[in-house]
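> got a sequence here, can you build the structure:
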Amino acid sequence: MHPAQRVLAFCALFATLPGLWIAVDSIVALLFPLVAVVVAIPLFVRPRIAFVRVCVCVGALLLVGGVLFVLLGLFLFLPSAVLLLLAAGADLAVRPRTGRVLVAAGALLTAAVVAVCAYGGWHFYLRPALAEPHAYRAVLDPDAGVLDEGLGDEEDRLRAQGAAWVYGSASDEGEFLEVGFRDDLPADRREDLRRQIELMPGVRSVALCPVSECG
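Below you'll find the model as predicted:
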């Protein structure tokens, strides 16, 4: 087979990354890795004819699955399906002109997948990690019943100190109070807000909350 076909097959495996990324902590966390393993099968096939057949079979299976099981999110693997079908026909030694067109199409599709991965990495990971926190998170004493009784006047006092929003939450890890503030709030007002939160009954500790956790 031509090396370009194997490159496109590798690109098909790379194109599974968005699906695997989205599947983390979801109900399809086990299904999507299995799909990625199936996509990788053509990379281990050596004979040219067998490679073409496997690419066509896997690609067609992914196309059908992406349409029939769209609610499970299998449509995320449609780029991989298309790339495998392109890899099956991108034999530059047999069909130079057609092969070049298929390779170009595969390159464009792979570039689109790379762009999606880059944007997702920046939007969901790098930008929150680099952004300056604009919220405080207070750890609450569960026995104090702060969330059960409601904040009432406390929320009004926090807003008077510059709070933009106040949100209480409870989980297996405990009870928390998140208090956001505007980016243009002066440093001294932020400190006053933090002290006001500390003075609230039932508050154990207060600290800045990363953007990735508090938005």
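
> just the CA atoms of the helix or strand harbouring residue 129, as CSV, please.
Per DSSP states H and E: residue 129 is located in helix 127-130. What follows is helix 127-130, C-alpha atoms only, in CSV (Å, rounded to 0.1, in the frame of the first residue of the first chain):
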residue,chain,number,x,y,z
ARG,A,127,-7.8,29.7,29.4
PRO,A,128,-9.4,28.7,32.7
ALA,A,129,-6.0,27.8,34.1
LEU,A,130,-4.5,31.1,33.0
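
> and the helix or strand following that helix, what other elements does it pack with?
Going down the chain from helix 127-130, the next helix or strand is strand 135-140, by DSSP H and E. Where contact means 3 or more Cβ pairs under 8 Å, 6 or more residues apart in numbering; DSSP states H and E, strand 135-140 is packed against strand 174-181, helix 187-198, strand 203-208, helix 211-214. (C-beta placed from N, C-alpha, C; glycine too.)

> now the shortest one: mean pLDDT?
Across helix 211-214, the average pLDDT comes to 78.

> can you give the distance of that helix from its chain's centre?
Counting by Cα atoms, centre = their mean, to the nearest Å, helix 211-214 is centred 14 Å from the centre of its parent chain.

> do the third one as well
A distance of 29 Å separates the centroid of the chain from that of strand 203-208, by Cα atoms, centre = their mean.

> residue 154 contacts residue 200, correct?
Yes: using Cβ atoms under 8 Å, residue 154 is in contact with residue 200, at 5.5 Å.
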